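Enquirer: No letters, just coordinates:
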């Protein structure tokens, strides 16, 4: 399984909004500069996040985006699925009920199911707050006197 740039950038955008949250809306241009991603691409991704209700927006001079909820209320899985759709390692696991006609006799299905379960366990139990805490740990470890 490979997460696309859209999924990776969606997570980075959400993390950027969490890191720089001071109660005000953050202009896309600032996020673009910090993340090294074009404004146009961020607009595409933030539209997905906005439709999902993950970010709020306001237009105008002091416009921009901010998280709709606290970082602890988002999981990495929510954000990745918003950007990617399914994150299953194989297409036969995309649906709630496996639609593959070979599912009953497939010798590899068990492997793919275990891999899918492991992926979901990690992304669904890691919050945006966990990622924010990790950023703060890295920043404090890089402090030089």
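Expert: Ah, there it is. In this text the structure is predicted, and so the values were computed from the model without any measurement.

Enquirer: Give me the helices and strands touching the worst-scoring helix or strand of the chain on mean pLDDT, please.
Expert: Between all helices and strands in the chain, the lowest mean by mean pLDDT, DSSP states H and E belongs to helix 128-141, at a mean of 89. When contacts are defined as 3 or more CB pairs under 8 Å, 6 or more residues apart in numbering; DSSP states H and E, helix 128-141 packs onto helix 5-19, helix 76-84. C-beta: built from backbone N, CA, C; applies to glycine.

Enquirer: how about a cut-off of 6 Å?
Expert: helix 5-19 (3 or more CB pairs under 6 Å, 6 or more residues apart in numbering; DSSP states H and E).

Enquirer: immediately after the helix it packs on, which helix or strand?
Expert: helix 28-35 (DSSP states H and E).

Enquirer: mind listing what's buried in that next one?
Expert: By 16 or more other CB atoms under 10 Å, the buried positions in helix 28-35 come out as 28, 31-32.

Enquirer: Can you get me a residue count around residue 70?
Expert: 12 (other CB atoms under 10 Å).

Enquirer: Burial check on the nearest residue to it once chain neighbours are set aside, number of neighbours?
Expert: The shortest distance from residue 70 to any non-neighbouring residue, by CB to CB, 6 or more residues apart in numbering, is to residue 129 (7.3 Å). Residue 129: 15 surrounding residues under other CB under 10 Å.

Enquirer: Check residue 9 too.
Expert: 21.

Enquirer: That one and residue 133, how far apart?
Expert: 21 Å (CB to CB, to the nearest Å).

Enquirer: for residue 32, same thing?
Expert: 25 Å.

Enquirer: now swap in residue 98 and tell me
Expert: Taking CB to CB, one finds residue 98 at 36 Å from residue 133.

Enquirer: now residue 51
Expert: Taken as CB to CB, the span from residue 51 to residue 133 is 28 Å.

Enquirer: same deal with residue 99?
Expert: Applying CB to CB to residue 99 and residue 133 gives a distance of 39 Å.

Enquirer: in the sheet, who's paired with residue 58?
Expert: residue 64 (DSSP bridges).

Enquirer: Is it in contact with residue 24, as I believe?
Expert: No: in this structure, residue 58 is not within contact of residue 24 by CB atoms under 6 Å, at 9.7 Å.
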